[in-house]
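Have a look; sequence and predicted model below, questions after that.
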Amino acid sequence: QVQLVESGGGLVQAGGSLRLSCVASGSMFSFSTVGWYRQAPGKQRELVADITSSGTTNYATSVKGRFSISRDNAKNTVYLQMNSLKSEDTGVYLCNINILLSPFTGTRRDYWGQGTQVTVSS
């Protein structure tokens, strides 16, 4: 069983910055892709950014140039640095990890954290 715990959310004015952290339990962290998603009221959950085990990053178009995802495998932690925040960045930010359960069958499973609220006031 993998547990993810997010932190770092809060209330910030537009143009401000926040740094989110996601700490994972288990031994598979360093071998797995980890992503940050956000859920805004009335909207579908969307991928904000993810990072592979080798450090390759991917960003949603809306956050490119403003957000930066990184990982520290020694601490089983992924970070999301959010700069130049906008009101449309408001939402619950959730951490996701995709674990390879069996290298023989290719079976994978997604795990989710509880989320951390980010509110950007304009």
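Looks like it arrived, so ask away.

C-alpha only now, for contacts and for neighbours.
Noted.

Strands along the chain, start to end?
4-7, 10-13, 18-24, 33-39, 46-51, 57-59, 67-72, 77-82, 91-100, 108-112, 116-121 (DSSP state E).

would you list those in JSON lines and tack on mean neighbour count and mean pLDDT?
Below are the strands of the chain laid out as JSON lines (neighbours: other C-alpha atoms under 10 Å; pLDDT from 0 to 100):
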{"stretch": "strand 4-7", "mean neighbour count": "20", "mean pLDDT": "96"}
{"stretch": "strand 10-13", "mean neighbour count": "15", "mean pLDDT": "98"}
{"stretch": "strand 18-24", "mean neighbour count": "21", "mean pLDDT": "97"}
{"stretch": "strand 33-39", "mean neighbour count": "23", "mean pLDDT": "97"}
{"stretch": "strand 46-51", "mean neighbour count": "20", "mean pLDDT": "98"}
{"stretch": "strand 57-59", "mean neighbour count": "17", "mean pLDDT": "98"}
{"stretch": "strand 67-72", "mean neighbour count": "19", "mean pLDDT": "98"}
{"stretch": "strand 77-82", "mean neighbour count": "20", "mean pLDDT": "98"}
{"stretch": "strand 91-100", "mean neighbour count": "22", "mean pLDDT": "95"}
{"stretch": "strand 108-112", "mean neighbour count": "13", "mean pLDDT": "94"}
{"stretch": "strand 116-121", "mean neighbour count": "20", "mean pLDDT": "98"}
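
List the beta-bridge partners for the residue nearest in space to the middle of the chain.
In the chain, the centroid-proximal residue (C-alpha atoms, centre = their mean) is residue 36; its distance is 2.0 Å. Beta-bridge pairing for residue 36 (DSSP bridges): residue 49, residue 95.
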